[in-house]
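Engineer: what's the 3D shape of this:
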Amino acid sequence: SASLPKLAARSMPDLKLKSLSDKTLNNVLIDGTTLYVSTNSGVVLVNLRNHTFGNFYSFGHKINDIALDANNMYAATADGVYVGKLSDNLLDKNNWKSLSNLVALDFITFSGSIYATTKNALLKVTDNTSFSTSSIASAKPSSCYICNGNLFYLVNGSLYSIDASGSTQNYGSQSINYLS
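Structural biologist: Okay, here's the model as predicted:
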């Protein structure tokens, strides 16, 4: 596997100079040596090895976040989830298809599954082809973190975790009090 150079803060003035209609950054995803930057204008790809910009995918929507699986890129927008096949030319906006009207704010990829947060829930994507979901939490998590093979999330002051097998544990609010 390719290793990245030592992490250091870097200025990338090319983004400032890039002619995007709106350069607001919404989220980032690192996959291998590629940084995917979700913006109000589209998705910017950055090569982390040589700190250069690659493709820019724009199809007329503000991108809140993206997720990847082996075959597809998923884009969370205010109009729903869009999908583009990685084998297609994603520079062509016609290769992006509306997959669901679910308004996802963030994606979390954990243990081979994609999770989506909405304004009032945490959902697990159960079918990537139709983006059908099952509810994990009935309120939007205030935080989500992956640590030690578990996905931890906070909902209404209570701490929960999901392990790699999908089992959920509720630590309740006492664990939060213990940590403070």
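Engineer: Pretty sure R49 sits in a helix.
Structural biologist: No: counting by DSSP: H, G, I helix; E, B strand; the rest coil, R49 is not part of a helix but coil.
Engineer: For S167, the count of nearby residues, please.
Structural biologist: Counted with other Cβ atoms under 10 Å, the neighbours of S167 add up to 9. Just so you know, the C-beta spots here come from the backbone N, C-alpha and C atoms, and that holds for glycine as well.
Engineer: which residues sit in contact with it?
Structural biologist: Under the criterion of Cβ atoms under 8 Å, 6 or more residues apart in numbering, S167 has no neighbours.
Engineer: Look up how far G157 lies from it.
Structural biologist: Distance, S167 to G157, using Cβ to Cβ, to the nearest Å: 22 Å.
Engineer: okay, which residue is most central for this structure?
Structural biologist: F107 (3.5 Å; Cα atoms, centre = their mean).
Engineer: Parallel or antiparallel, which strands does whichever strand or helix holds that one pair with?
Structural biologist: Taking DSSP states H and E as the definition, one finds F107 inside strand 106-110. Strand pairing for strand 106-110, using DSSP bridges, gives strand 113-118 (antiparallel).
Engineer: quick one on the thing from earlier: can you tell me the closest non-neighbouring residue to the residue nearest to the centre of the chain?
Structural biologist: Once flanking residues are discounted, F107 sits nearest to A67: 3.7 Å by Cβ to Cβ, 6 or more residues apart in numbering.
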